[in-house]
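*Asks:* sequence below, structure please.
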Amino acid sequence: MLNEERAIGSTLEAVRAAAPDAEIIVVDGGSADHSVAAVRNRCDLLLSSPRGRARQMNTGAAAARGDALVFVHADTIVPSSFAHNIDAALANSATVGGRFDLVLDDPTLLYRILGRLISIRSRWMRSATGDQAIFVRRETFQRMLGFADIELCEDVDFARRLRRYGRVACLRSTVTTSARRWRKDGLLRTVLRMWLVKALFLLGVPPHWLKRHYADTR
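*Replies:* Numbering: from 1, shown residues only. The predicted structure follows:
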């Protein structure tokens with residue numbers, strides 16, 4: 001979490017409603033707004049860590065006690081079937097982790113199509129983005145040494161490595177994530193920039209250099 005006071009409350013309420021027995025851990029990366037106050041009574045454990053999504057997720061995972069870890073971005077709303085879907089997927093011993101399909105929170109046709117294409121692409125490539133609520137068995141996460149401590153594309157790197165350990169479940173249930181980046185920067189421009197960033201990352205361009213050209217959006 002980083003400066004997510006407008007989104008984080010709804011996210012945590014959705015997780016609690018869908019998974020009442022889950023341990024909810026929030027890791028703050030140094031928010032300067034009212035994010036910490038917004039989560040204090042909505043989570044089981046509030047931690048802080050140096051800023052950086054990979055570092056924050058690794059900090060939360062290290063403190064978690066469950067056998068399965070689920071990483072939900074601050075602007076992502078999970079479905080009511082969230083816990084059941086994950087339990088059902090991990091009932092298959094060959095499955096090491098997975099992700100959800102995705103819809104964007106803008107009802108217009110282009111955004112509905114975009115969400116569908118993101119889901120189709122990730123299913124075809126057996127990949128995932130952080131917006132898709134990635135989940136993984138704890139033992140697998142530990143064998144993988146968690147998320148790579150990089151400034152960008154930690155989700156792309158993690159999903160690519162996860163495939164080496166076993167079956168990755170591509171769930172049809174959908175999480176709803178914010179379309180704010182596309183709305184702010186323009187749909188086509190943002191899509192092209194995302195494709196370019198991921199392609200350059202896979203070609204070996206250092207994440208810290210890519211981060212300069214892919215600023216956070218709140």
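
*Asks:* wasn't Glu23 part of a strand?
*Replies:* No - applying DSSP: H, G, I helix; E, B strand; the rest coil, one finds Glu23 to be coil, outside a strand.

*Asks:* in this protein, which spans are helices?
*Replies:* Applying DSSP state H to the chain gives helices spanning 8-18, 35-39, 53-63, 82-90, 109-125, 138-143, 154-162, 180-185, 187-202, 207-211.

*Asks:* what residues sit buried inside the second one?
*Replies:* Within helix 35-39, the residues that qualify as buried by neighbour count (16 or more other Cβ atoms under 10 Å) are Ser35, Val36, Ala38, Val39. In this view, the C-beta of every residue, glycine as well, is placed from N, C-alpha and C.

*Asks:* among the helices of the chain, which is nearest Gly29?
*Replies:* Nearest of the helices of the chain to Gly29, taken as Cβ to Cβ: helix 53-63 at 5.2 Å.

*Asks:* list the helices and strands the closest one packs on?
*Replies:* Helix 53-63 is packed against strand 25-28, strand 45-48, strand 68-71, helix 154-162, with contacts defined by 3 or more Cβ pairs under 8 Å, 6 or more residues apart in numbering; DSSP states H and E.

*Asks:* would JSON lines of these with distance to Thr190 and mean neighbour count be doable?
*Replies:* Below are those laid out as JSON lines (distance: least, Cβ to Cβ, whole Å; neighbours: other Cβ atoms under 10 Å):
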{"stretch": "strand 25-28", "distance to Thr190": "26", "mean neighbour count": "22"}
{"stretch": "strand 45-48", "distance to Thr190": "30", "mean neighbour count": "15"}
{"stretch": "strand 68-71", "distance to Thr190": "22", "mean neighbour count": "21"}
{"stretch": "helix 154-162", "distance to Thr190": "16", "mean neighbour count": "20"}
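
*Asks:* for Asp101, which of those is the nearest?
*Replies:* Closest approach to Asp101 among the helices and strands packed on helix 53-63 is made by helix 154-162 (14.4 Å; Cβ to Cβ).

*Asks:* sweet, I'm off.
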